[in-house]
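*Asks:* With the sequence up front, the predicted model follows.
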Protein chains: 2
Amino acid sequence: MSEKKRRAGAAAAGPASSSKKPRASAAASYAESLRSKLRPDASILSTLRSLASASSSKPKAAAKPAADHDPSADPASSYIVVADQDSASVTSRINRLVLAAARSILSGRGFSFAVPSRAASNQVYLPDLDRIVLIRRESARPFANVATARKATVTARVLSLVHAVLRRGIHVTKRDLFYTDVKLFGDQSQSDAVLDDVSCMLGCTRSSLHVVASEKGVVVGRLVFHDDGDRIDCTRMGVGGKAIPPNIDRVSGIESDALFILLVEKDAAFMRLAEDRFYNRFPCIILTAKGQPDVATRLFLRRLKVELKLPVLALVDSDPYGLKILSVYMCGSKNMSYDSANLTTPDIKWLGVRPSDLDKYRVPEQCRLPMTDHDIKVGKELLEEDFVKQNEGWVKELETMLRTRQKAEIQALSSFGFQYLSEVYLPLKLQQQDWI
Amino acid sequence: MSEKKRRAGAAAAGPASSSKKPRASAAASYAESLRSKLRPDASILSTLRSLASASSSKPKAAAKPAADHDPSADPASSYIVVADQDSASVTSRINRLVLAAARSILSGRGFSFAVPSRAASNQVYLPDLDRIVLIRRESARPFANVATARKATVTARVLSLVHAVLRRGIHVTKRDLFYTDVKLFGDQSQSDAVLDDVSCMLGCTRSSLHVVASEKGVVVGRLVFHDDGDRIDCTRMGVGGKAIPPNIDRVSGIESDALFILLVEKDAAFMRLAEDRFYNRFPCIILTAKGQPDVATRLFLRRLKVELKLPVLALVDSDPYGLKILSVYMCGSKNMSYDSANLTTPDIKWLGVRPSDLDKYRVPEQCRLPMTDHDIKVGKELLEEDFVKQNEGWVKELETMLRTRQKAEIQALSSFGFQYLSEVYLPLKLQQQDWI
């Protein structure tokens, strides 16, 4: 830490700024009193160290990803598991599929693809695995059938395009793929859908096909990795952070001395923590997808969790969408259910801002927002979701939210001072191990 | 360049991939024939070198920013020019405003702020300056008046909050600012509006107030800069690139051996160029705001242009929005007109994809999209805009677009192969100096 930063930190930890005094209310003085509850950092750090070592030795968390990554472990499995595969292996799978089709044609039987059905009814949440999976149920897509001839053609074309991309060793977007044959695909939803079919057929992740989504996530903190061979030290990425790469297979050499991963919903909170270099006080990796998580950020978080075996603590808004965002990170979204093993990060702890925090931290009434009817509907639906039901603490929090009909953003903590989040709220949460 | 990358490049430059052969059309073979028109890179580079040196010696481009940065140069100016200022200077301006108010109160006259009006009628495009500016017309905001008492209070409160932020040496978002006094501000649009008022009153940019917008831009290429003291080498940022920092005043030590800046509308094209390390073949800085330009990206581009004096070439979709995005970079948006001198980058060249390119590069019919009624309306409005009228080439292109009623995305070039953009289209454009 540079001298400049150290001084900035010391100044910030000083007496409350003049901005708060003129309107100091009971809530504000209570908020300030919480600062005195903070034990020395060394004591909080030792708490975090035991958390981190517990997480890395937990047999369940460590064993699951390994099993998930080997689809051959249970070939007769009733649900579809795709895995990351290298280009050579994907290419050879495509070759085998095409050879089989050619043989079938030569023998006079035409050709047909066996395509797993990705219908909503096939997408179920498995409590054992704690994520949404795709039930294995294949349907034939014969070329010699008026109903499926077009789709069989599109499938063959996508297979050929993916083959070309892999051979060149490049990555493309779904949009690029669509534009290579607009006449055939008609509109992008068709090539996108078949691309997901192809993932399932080949048993590999979409990123193994080298078709990537655009990235919007950023990361800072105690993390070093290689992005396409370039060494990235995330403690030296300034306030802006490092953009999370769209091509997860170009990420390698992940190293870290962090004690936990802090997953942040919004970039305003991310910016606060990055500017305050929160990770230097409490060694951690901070990342955000700036709202709804994109595939690249989910893949990246998953990689960090699996390789570093660190606990993941989440900081989201206290509203149904905060919880929904957690669910996407943890259990996956329904339309990518076949890839849930690679996209999901189980065992994320809900650090804050939780509905019970609003009273506990005396967030002023005017910083809380009334829930809309739609919010309440989404909240009630979440109560029915298996992944929520599984965690008693989450159910209680959600019930509190629905009872009080109040929500609040992370930013609401700014009412106690701009740096309250990084200087009081989060350190106290960590000290009290206040996550569920 | 690593051996791996060199090999990937060589493979990519080889014969057309198998993906194109089966559907090779006249357009595709023409597209491929353009590759043979490419002169050796050394020849294209010498073209670019003369472009870069012309740009750095052009007196107009060099002189304008300097004049813009000194508001005192023309105090009786008829339009408002705000400038970047350091914290000490902004703080002392606030102190003077507040002292004046205190004296006025003590003398029994109450207090009042003189606030520049930011009404739409005051926002005009100045052809001389080639950007939208705010006409100087101040209105009084007295506290002792039922109509303005609330707004005067909000103004005083925002001044006090900005003062606190500057004193702490931190940066906050507009949302943070709002949440520090929800009771007073009511909703965020009110504190946001007063924040813009305060910028105008103090004659400084919003970023000088240390109130920042969230960033979404990314940059790669031949650029080295410091982000909050950390040295960032943008040739070593992998495929993901470096997130453009939200706090432009923490950016320093900008260095580059690039010959031009390539401004890209969409992140898919950015990703293609980053993965292909286009900047190693043609030394350049590549940046994108991923669609509509945000303030951080505009500030960053402006800084690069002013400090490095490099030409800026833009790659946008061939539709009215592509042009609109260029206009925001070049002339500013209306609601930030008071800050246009710091946010705008004059003299951006429209490299592509231009309406005339669709025929010139024989983009297949099926990759062009019909313009909607709304597109046509926006296109016609653009024809009336001064910044378009000024550039004859742009008028012609826009007329072509409206006549053919066709638009196309950058991605449409993928129909000739995924790397056509980086291997043929852009090099040929550069070689032919085909920008307007």
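*Replies:* Thanks, I have the structure now.

*Asks:* So which residues of the stretch 201-350 of chain A form strands?
*Replies:* A:211-212, A:218-221, A:224-227, A:230-233, A:242-243, A:251-255, A:260-264, A:284-288, A:312-315, A:348-352 (DSSP state E, counting those that start in this stretch).

*Asks:* Low-confidence ranges, the stretch 51-200 of chain A, go.
*Replies:* A:58-77 (pLDDT under 70).

*Asks:* For it, which residues are neighbours of chain B?
*Replies:* When proximity is defined by C-beta under 8 Å from any C-beta of the partner chain, the stretch 51-200 of chain A lies next to chain B at A:160-161, A:163-165, A:167-173, A:175-183. All C-beta atoms are positioned from the backbone trio N, CA, C, and that covers glycine.

*Asks:* Just the ones in helices from those residues, please.
*Replies:* If you go by DSSP state H, those have A:160-161, A:163-165, A:167-168, A:175-179, A:182-183 in helices.

*Asks:* Of the strands of the stretch 201-350 of chain A, which is nearest B:Ile261?
*Replies:* Closest of those to B:Ile261 is strand A:242-243, at 18.2 Å (criterion: C-beta to C-beta).

*Asks:* quick one: average confidence on the closest one?
*Replies:* When pLDDT is averaged over strand A:242-243, the result is 92.

*Asks:* if we can go back for a sec, from the ones in helices among the residues of the stretch 51-200 of chain A next to chain B, keep the buried residues only.
*Replies:* Neighbour counting with 16 or more other C-beta atoms under 10 Å in any protein chain shown marks A:Ser160, A:Leu161, A:His163, A:Ala164, A:Val165, A:Arg168, A:Arg175, A:Asp176, A:Leu177, A:Phe178, A:Tyr179, A:Val182 as buried within those.

*Asks:* what's the most distant pair in these?
*Replies:* Using C-beta to C-beta, those span at most 20.6 Å, a distance reached by A:Arg168 and A:Val182.

*Asks:* which ones are touching the most centrally placed residue in chain A?
*Replies:* Nearest to the geometric centre of chain A sits A:Arg298, at 3.1 Å (C-alpha atoms, centre = their mean). By C-beta atoms under 8 Å, 6 or more residues apart in numbering or on different chains, the contact list for A:Arg298 reads A:Ala289, A:Val328, A:Tyr329, A:Leu343, A:Thr344, A:Thr345.

*Asks:* Surely the second one and A:Asp294 touch.
*Replies:* It refers to A:Val328. No - between A:Val328 and A:Asp294 there is no contact under C-beta atoms under 8 Å: 9.8 Å.

*Asks:* Around chain B, which positions in the stretch 201-350 of chain A sit nearby?
*Replies:* A:212, A:214-216, A:218, A:226-232, A:236-247, A:250, A:267-268, A:271-272, A:275-276, A:290.

*Asks:* Now, of those, which are buried?
*Replies:* Buried among those (16+ other C-beta under 10 Å): A:212, A:214-216, A:218, A:226-228, A:230, A:232, A:237-247, A:250, A:267-268, A:271-272, A:275-276, A:290.

*Asks:* re the thing from before, and the strands of the stretch 201-350 of chain A: which comes nearest B:Lys407?
*Replies:* With C-beta to C-beta as the measure, strand A:211-212 is the member of these nearest B:Lys407 (24.6 Å).

*Asks:* Just give the number of residues close to A:Ala147.
*Replies:* Residues contacting A:Ala147 under the criterion other C-beta atoms under 10 Å in any protein chain shown number 9.

*Asks:* do the same with A:Lys360
*Replies:* 12.

*Asks:* Please determine how far it is located from chain B.
*Replies:* 18 Å (C-beta to the nearest C-beta, to the nearest Å).

*Asks:* phi, psi of that residue?
*Replies:* phi -60, psi -40 (degrees, to the nearest 10).

*Asks:* again with A:Tyr125
*Replies:* With angles defined as degrees, to the nearest 10, A:Tyr125 sits at phi -90, psi 130.

*Asks:* ok, and the closest non-adjacent residue to it?
*Replies:* Spatial nearest neighbour of A:Tyr125, excluding adjacent residues (C-beta to C-beta, 6 or more residues apart in numbering or on different chains): A:Asp386 at 4.4 Å.

*Asks:* again, but for A:Met271
*Replies:* A:Met271's closest residue in space is B:Pro246 (C-beta to C-beta, 6+ apart), at 5.8 Å.

*Asks:* what's the neighbour count on A:Ser189?
*Replies:* Neighbour tally, A:Ser189, other C-beta under 10 Å: 10.

*Asks:* Next, the contact list for the closest residue to A:Tyr338 other than its chain neighbours, please.
*Replies:* Distance criterion C-beta to C-beta, 6+ apart; nearest residue to A:Tyr338, sequence neighbours excluded, is A:Leu134 at 4.2 Å. Contact partners of A:Leu134, counting by C-beta under 8 Å, 6+ apart, are A:Tyr79, A:Ile80, A:Pro116, A:Arg118, A:Asn122, A:Gln123, A:Cys200, A:Ser337, A:Tyr338, A:Ser340.

*Asks:* switch the cut-off to 7 Å
*Replies:* Contacts for A:Leu134 were tallied using C-beta atoms under 7 Å, 6 or more residues apart in numbering or on different chains; they are A:Tyr79, A:Ile80, A:Pro116, A:Arg118, A:Asn122, A:Gln123, A:Ser337, A:Tyr338.

*Asks:* Reformat the residues you listed as CSV; add distance to B:Gly352.
*Replies:* Converted to CSV, these look like this (distance: C-beta to C-beta, whole Å):
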residue, distance to B:Gly352
A:Tyr79, 47
A:Ile80, 42
A:Pro116, 41
A:Arg118, 38
A:Asn122, 44
A:Gln123, 42
A:Ser337, 40
A:Tyr338, 38
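
*Asks:* Can you tell me which of those has the most neighbours?
*Replies:* That'd be A:Tyr338 among the contacts of A:Leu134, by other C-beta under 10 Å, with 29 neighbours.

*Asks:* Which residue ranges of the stretch 51-200 of chain A form helices?
*Replies:* A:59-68, A:87-106, A:149-168, A:174-179, A:182-185, A:188-202 (DSSP state H, counting those that start in this stretch).

*Asks:* in the stretch 201-350 of chain A, which spans are helices?
*Replies:* A:267-275, A:278-281, A:295-308, A:320-331, A:340-343.

*Asks:* what's the least confident stretch among those helices?
*Replies:* When I compare those, helix A:340-343 is least confident, with a mean of 78.

*Asks:* other SSEs contacting it?
*Replies:* Helix A:340-343 is packed against strand A:131-135, helix A:295-308, with contacts defined by 3 or more C-beta pairs under 7 Å, 6 or more residues apart in numbering or on different chains; DSSP states H and E.

*Asks:* Export those to CSV and append columns for distance to B:Lys37.
*Replies:* Formatted as CSV, the helices and strands packed on helix A:340-343 follow (distance: least, C-beta to C-beta, whole Å):
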stretch, distance to B:Lys37
strand A:131-135, 49
helix A:295-308, 36
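
*Asks:* Can you say which of the ones you listed is nearest to A:Ser55?
*Replies:* Using C-beta to C-beta, the nearest of these to A:Ser55 is helix A:295-308, at 9.1 Å.

*Asks:* Would you mark the buried spots in that closest one?
*Replies:* Under 16+ other C-beta under 10 Å, the buried positions of helix A:295-308 are A:295-306, A:308.

*Asks:* which one of the residues you listed sits closest to chain B?
*Replies:* Of all the buried residues of helix A:295-308, A:Ala296 has the smallest distance to chain B: 8.3 Å, by C-beta to the nearest C-beta.

*Asks:* show me what contacts the spatially closest residue to that closest one that is not a sequence neighbour?
*Replies:* Of all residues beyond its chain neighbours, the one nearest A:Ala296 is A:Glu215 (4.1 Å), with distances taken as C-beta to C-beta, 6+ apart. Going by C-beta under 7 Å, 6+ apart, A:Glu215 touches A:Ala243, A:Ile244, A:Pro245, A:Pro246, A:Asp294, A:Ala296, B:Gly240.
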